[in-house]
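Enquirer: I would like the atomic coordinates for the input below:
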Amino acid sequence: MPDEELEKYGFISAHIGYDLAKSLSDNVFTVLRNPFDRVVSLYYYWRSVEGDRGGPVIAKESRNFEEFLEVKKAPVIVDIFNAQTWQLAHGHEGYTRKKLRGAYTEDQLLQKAKENLEQLSVVGVQDNLGLFLQRINQKFGWNVNEILESNRNKERPKIDDVPVRTKRKIYDLVYLDLELYFFAQKLADY
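Expert: Numbering: from 1, shown residues only. Sure thing, here's the model as predicted:
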């Protein structure tokens, strides 16, 4: 998008990677979600939406959540396997990962995501949206009082209700995201 077009917008909300976000503005902020909760939510969201390809189809074809966690197809890998770490290191798209595969060890990828997270204007975590709202209001001079929920699926279990064996499977998919989330919690509580 040309700069003239971009300047027409006061605010852009999107699920995009760090590289693209920083090319748009220096005033970038993010909210990270507990990786376990994010995976559970994504599965139930995909099962509830219409779609004839990708994640929604794979989720619906899976007999249950545990079977879904074992799927090794690109839409699932891209949107689940350490997706927040990839998104904050560069971008979570399949082509970005393919291009950078082998360029980083897991430790280097996590470090890059942490360094990029530190460069953002405000970092929040979904578990403490009240503090996040205070921070963005203070930083940008806004007066946002609440964040409206969308896509909430009442059928999905709370993370506390997910069996431990299933949480172990989730952990294998989000172990870097979990480290990044703990780091983000520290940044968010400064």
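
Enquirer: so what's the residue nearest the centre of the chain closest to, chain neighbours aside?
Expert: Centre of the chain computed as the mean C-alpha position; nearest residue by Cα atoms, centre = their mean is Q84, 4.3 Å away. Spatial nearest neighbour of Q84, excluding adjacent residues (Cβ to Cβ, 6 or more residues apart in numbering): D177 at 4.4 Å. For every residue, glycine as well, the C-beta is placed using N, CA and C.

Enquirer: and the one you found, what element?
Expert: helix 164-188 (DSSP states H and E).

Enquirer: show residues contacting that helix.
Expert: When contacts are defined by Cβ atoms under 8 Å, 6 or more residues apart in numbering, helix 164-188 is touched by residues 32-36, 38-40, 65-66, 69-70, 80-85, 88, 106, 109-110, 113-114, 117-118, 123-125, 127-128, 131-132, 135, 159, 162.

Enquirer: how far out from the middle of the chain is that helix?
Expert: Helix 164-188 has its C-alpha centroid displaced from the chain centroid by 11 Å (Cα atoms, centre = their mean, to the nearest Å).

Enquirer: heads up, I number from 536, so please use that
Expert: Will do, 536 is the new start, and the previous item becomes helix 699-723.

Enquirer: got the phi/psi numbers for the residue nearest to the centre of the chain?
Expert: phi -70, psi -40 (degrees, to the nearest 10).

Enquirer: roughly how far does it sit from Q646?
Expert: According to Cβ to Cβ, to the nearest Å, Q619 stands 14 Å off from Q646.

Enquirer: next, the buried residues of the one helix or strand K557 maps to.
Expert: Using DSSP H and E, the secondary-structure element containing K557 is helix 553-559. By 16 or more other Cβ atoms under 10 Å, the buried positions in helix 553-559 come out as Y553, A556.
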